[in-house]
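Peer 1: with the input below, show me the fold.
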Amino acid sequence: MSITIYHNPNCGTSRNTLALIRNSGDEPHIVYYLETPPSQAELKALLEKMGTGVRDLLRKNVEPYATLGLEEDRFSDEQLIDFMVQYPLLINRPIVVTPLGTRLCRPAEKVLDILPNPQQGMFVKEDGEIIIDETGKRLK
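Peer 2: Below you'll find the model as predicted:
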């Protein structure tokens, strides 16, 4: 099975999501999207698969969001996608693609809804929150 994660290793949510994928026994294809950003066509395809609006994928708490004036309602979806391609830090993460769906996995446990295989054992998030018990049962 093929699983892809658009990953930022500096993000705790992204690291937890990757660890949950691995806890299901799968090793995903990892796209370090800050180094290798998706093309405009790839980003459009991801948005379509997620069934979400472009603004829902925009990170608002990073530069250059404010500098570019992206909070203003004067940009088309096409323009916003262009900004995300040009400045991949604007893309919210992690995005995970599996045979069961495509999701923005915030919080990390959202990935559990689209993983094809069950969890193999206990999983504790970096902050200490237990998500999966020792039998592989989802707690949250």
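Peer 1: what's near enough to touch the residue nearest to residue 100 when sequence neighbours are not counted?
Peer 2: Once flanking residues are discounted, residue 100 sits nearest to residue 114: 4.5 Å by Cβ to Cβ, 6 or more residues apart in numbering. From N, CA and C alone the C-beta is placed, and that goes for glycine too. Residues in contact with residue 114, defined by Cβ atoms under 8 Å, 6 or more residues apart in numbering, are 96, 98, 100, 101, 102, 103.
Peer 1: surely the third one meets residue 117?
Peer 2: Read it as residue 100. No - if you go by Cβ atoms under 8 Å, residue 100 and residue 117 don't touch, sitting 10.3 Å apart.
Peer 1: next up, phi/psi of residue 7, please.
Peer 2: Phi and psi for residue 7, reported as degrees, to the nearest 10, are phi -120, psi 140.
Peer 1: for burial, what's the neighbour tally of it?
Peer 2: The number of residues packed near residue 7 is 23, by other Cβ atoms under 10 Å.
Peer 1: what is the burial count for the closest residue in space to residue 3 that isn't next to it in sequence?
Peer 2: Excluding its sequence neighbours, the residue lying closest to residue 3 (Cβ to Cβ, 6+ apart) is residue 28, at 4.0 Å. Residue 28 is flanked by 21 other residues according to other Cβ under 10 Å.
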